[in-house]
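Colleague: no sequence on hand, only this structure:
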């Protein structure tokens, strides 16, 4: 009796294995058929006239604003700097301004995160910076502007800190210029953590 029972069990086991192998074979055939069909569709798409349409230029939309709305109060940041509350009219002459504009229009700006940049003077590095390597010195065309800025800076510094005549005003020796190239050009949200920048400016 035992050999017959064992033989019957073996036959059942073999039948189950054959059924699974058959199912796998059919599944593989179906998969291969679907893969071939997908390949044909891709070839048809490549050959269609619509696929040859010129690519649409990517638009860089400004990031969503996370800044405070005008009706919300600005939180106060504790600091000991004296705020600059004056403006200097006719800071530079129109002739100098025209020369600077013409010079900057002739410069090669680097594309960076939705706008273009160029730097002169001491290198200024920040996250994502494209203009902080091989920075050229301040060009002759910009020196009158730097001279005037440093002159005004010294005047304001001495006015704000008259009790410290032994200190000298920091010298502006670096320039980072942002250029906006169209309606979608923008400066991403960021935070300037520089000790020389007034926290509430």
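Modeller: In hand now; what should we look at? Not measured: the values here are computed from a predicted model.

Colleague: so what's residue 109 up against?
Modeller: Residue 109 makes contacts with 116, 117, 118, 177, 179, as judged by CB atoms under 8 Å, 6 or more residues apart in numbering. Glycine gets a C-beta too; all of them are placed from N, C-alpha and C.

Colleague: which one is it nearest to, not counting chain neighbours?
Modeller: residue 116 (3.7 Å; CB to CB, 6 or more residues apart in numbering).

Colleague: tally up the residues packed near the one you found, please.
Modeller: 19 (other CB atoms under 10 Å).

Colleague: does it touch residue 176 like I think?
Modeller: No: contact criterion CB atoms under 8 Å: residue 116 and residue 176 do not qualify, at 11.5 Å.

Colleague: tell me the SS of the residue nearest to residue 110 when sequence neighbours are not counted?
Modeller: In space, residue 110 comes closest to residue 130 once its chain neighbours are excluded; the distance is 4.2 Å by CB to CB, 6+ apart. What DSSP: H, G, I helix; E, B strand; the rest coil gives for residue 130 is coil.

Colleague: ok, now which ones touch residue 130?
Modeller: 110, 111, 112, 117 are the contacts of residue 130 under CB under 8 Å, 6+ apart.

Colleague: and the buried ones among those, selectable in PyMOL?
Modeller: When burial is assessed using 16 or more other CB atoms under 10 Å, the buried subset of those is captured in PyMOL by this command:
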select buried, resi 112+117
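
Colleague: which two of the contacts of residue 130 have the greatest separation?
Modeller: Comparing every pair within these by CB to CB identifies 111 and 117 as the most remote, at 8.3 Å.

Colleague: coming back round to it: let me see the confidence value for the residue nearest to residue 110.
Modeller: At residue 130, the pLDDT value in this model is 77.

Colleague: for burial, what's the neighbour tally of residue 131?
Modeller: 21.

Colleague: checking the closest residue to it other than its chain neighbours next. Helix, strand or coil?
Modeller: The spatially closest residue to residue 131, leaving aside those adjacent along the chain, is residue 119, at 4.1 Å (CB to CB, 6+ apart). Three-state call for residue 119 (three-state DSSP): strand.

Colleague: do you know how far residue 119 is from residue 144?
Modeller: 19 Å (CB to CB, to the nearest Å).

Colleague: pick out whichever of these two has more residues nearby.
Modeller: Taking neighbours as other CB under 10 Å, residue 119 and residue 144 compare with residue 119 leading, 21 against 16.

Colleague: looking at it, the more buried one is touching residue 174, isn't it?
Modeller: Yes: in this structure residue 119 lies within contact range of residue 174 using CB under 8 Å: 7.2 Å.

Colleague: for the chain, what helix or strand is lowest in average pLDDT?
Modeller: When the helices and strands of the chain are scored by mean pLDDT, DSSP states H and E, helix 2-47 comes last with a mean of 71.
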